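Student: Requesting a structural model of the entry that follows:
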Amino acid sequence: MPKIKFDFNNMMDFNVGRHGVRLSELKTFSARAGKAFNHLATVLVDRKSRIALSLEWSKLPLQDKKVIVSIQKLGKEIASEYENVISLGIGGSYLGIKAAQDALLPPYYNDFPGVRKGRPRIYFEGNNLDPVTLSSLLSNLNPRKTFVVVISKSGETSETKAALEIVEAWLKRGAGAKFARQIIAVTDPKAGTLRKKASAASAKDPLAYRSLPLLEGVGGRFSELNMGLLHLAITGVKIAEVLKGAADMAKSCALSDMFKNPALFYASLSVIAYEKKGKQISIIMPFSEQLKSTADWYIQLLAESTGKKYARKIVFEQGAEKWVEDRSRIINTGRTPISARGTNDLHSIQQNNIEGRNDKVVTFIRVEKYKKDLKLPISEDFLSGRTLSGLLKTAQEGTAWALNREMRPNCTISLPELNAYYWGALLFFFEMATAYEGELLGINAFNQPGVESYKNYMFYKLNKPGIKKEIAEEINTNPMKKDPGYFA
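Tutor: Residues are numbered from 1 along each chain as shown. The predicted model follows:
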């Protein structure tokens, strides 16, 4: 089976001049890359440390086959009984699933029965507090023919919690007393409000509020190969193929040689470009409409993992490695990711990419073989008889050439085709590359303290019980200033 190809030539100085990485810089950097590789490898072989540091996602490609078969069967059962599925989740519990849906299911999946092949429509909610979308959805669905999958580790995230309560009430009104049989919770197996809700309901009725576990040590943005498996099963995607692709990529990403390990090489080039060449922006640009949501997923992965205020300090507690913020070292690090897609965004963001500030690295994703293609009619036009896939590939090559011409670093990831195997491999590549980038930057890539600020403000303003005293004091003593002179 052909492998995913990684072309880093356009990151080098022989193509983009002083904005590119020199071979001598790579050789000097190799010691730092080796140190990052060795440390991460040491942590990954220690289960106790993996779980403590939220690195258990690295073992998801090797899940128990019996568990996978049972989830595939459960998904098929749901698909055979219901016309619609509402998936409630935010962040990694939404973006990973949306990425899978768009990449692995036919376009316009919800719109045409022939495309779905008997599978239910999938709708995503609980990822925003906008009331218009959810109210419109519920007013147009039949509750008796709708199943709900809610994904939340704690059950306390405001967006998903609010949506679930509204959807529960809608189901109860429309589906009757046994409405909870139409809900599955993907949540923490032991603790949290969603776990308590599911356990209480299933204690009264074993078929009510069934649940699947969010595995210990698996963070949200790295959890698609855990929390997203039921979604894959419902839509008919073979989970085993996704995991096989991820497992094969894991082997490549475990090689100690930087030049043979694509994730370590990509992370190293990115960090050199960031630190030495001023490339603070990472643009991920798939030349495939179906991979746009995968690019959006990567935005969260990179931004939440590497955008950190403090450097990392390593300590040990009870024999396990622990990472804490080094409050004495404020670094405010991390590249800013942006998603785009070709060829659509060649008519928008590309102008800035070519002639704006040279502070970006563009990563292209291209597909070599498409499931379907279209050929233009024979005519006297220069496009006569050409295929759309051929035009798309030429456009990607032209975009890379145009960037090179202006000394703009870029690289290309080529998928032999877009299927479950290669998509699983692509996902795991980005996860490992992000983990290596965190190591190279000396940060904790697996927490997100900055995300908690807005949540704490909301919880305080909404009088949520149990708010810590120091949080309330911080909000009260740091109000936003409102000068009438600055209202238009």
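
Student: partner strands of the host helix or strand of Thr412, parallel or antiparallel?
Tutor: In the assignment (DSSP states H and E), Thr412 maps to strand 410-417. Here strand 410-417 is paired, per DSSP bridges, with strand 5-7 (antiparallel), strand 360-369 (parallel).

Student: how far does the shortest one sit from the chain's center?
Tutor: In terms of C-alpha atoms, centre = their mean, to the nearest Å, the centre of strand 5-7 is set 21 Å apart from its chain centre.

Student: buried set for it?
Tutor: Buried residues in strand 5-7, defined by neighbour count with 16 or more other C-beta atoms under 10 Å: Phe6. (C-beta placed from N, C-alpha, C; glycine too.)

Student: what residues does that strand touch?
Tutor: Contacts of strand 5-7 from elsewhere in the structure, counted by C-beta atoms under 8 Å, 6 or more residues apart in numbering, are 262, 265-266, 411-414.

Student: Next SSE downstream of it?
Tutor: Later in the chain than strand 5-7, the nearest helix or strand by DSSP H and E is helix 13-16.

Student: Which strands and helices lie in contact with the helix or strand following that next one?
Tutor: Reading on from helix 13-16 to the C-terminus, the next helix or strand found by DSSP H and E is helix 23-44. Using 3 or more C-beta pairs under 8 Å, 6 or more residues apart in numbering; DSSP states H and E as the contact criterion, the elements in contact with helix 23-44 are helix 47-52, helix 262-276, helix 420-441.

Student: For Ser93, find the nearest of those helices.
Tutor: Of all these, it is helix 420-441 that lies closest to Ser93, at 15.1 Å by C-beta to C-beta.

Student: quick one, what contacts Pro213?
Tutor: Per C-beta under 8 Å, 6+ apart, neighbours of Pro213: 186-189.

Student: State the phi and psi torsions of it.
Tutor: Main-chain dihedrals, Pro213, degrees, to the nearest 10: phi -90, psi 140.

Student: mind listing the strands for the chain?
Tutor: Counting by DSSP state E, the chain has these strands, from start to end: 5-7, 84-88, 121-125, 146-151, 183-187, 210-213, 281-286, 308-317, 320-333, 336-339, 360-369, 410-417.

Student: Give the buried residues for stretch 410-420.
Tutor: Using 16+ other C-beta under 10 Å as the burial criterion, the residues of stretch 410-420 that qualify are 410-415, 418-420.

Student: meant to ask about stretch 189-202
Tutor: 192, 194-195, 197-198, 201-202.

Student: how many other residues sit next to the residue lying closest to Ile413 once chain neighbours are set aside?
Tutor: Sequence neighbours aside, Ile365 is the residue nearest to Ile413 in space, at 4.9 Å (criterion: C-beta to C-beta, 6 or more residues apart in numbering). If you count neighbours by other C-beta atoms under 10 Å, Ile365 ends up with 23.

Student: can you pull the contacts of Ile365?
Tutor: Ile365 makes contacts with 284-288, 291, 294-295, 412-415, 426, as judged by C-beta under 8 Å, 6+ apart.
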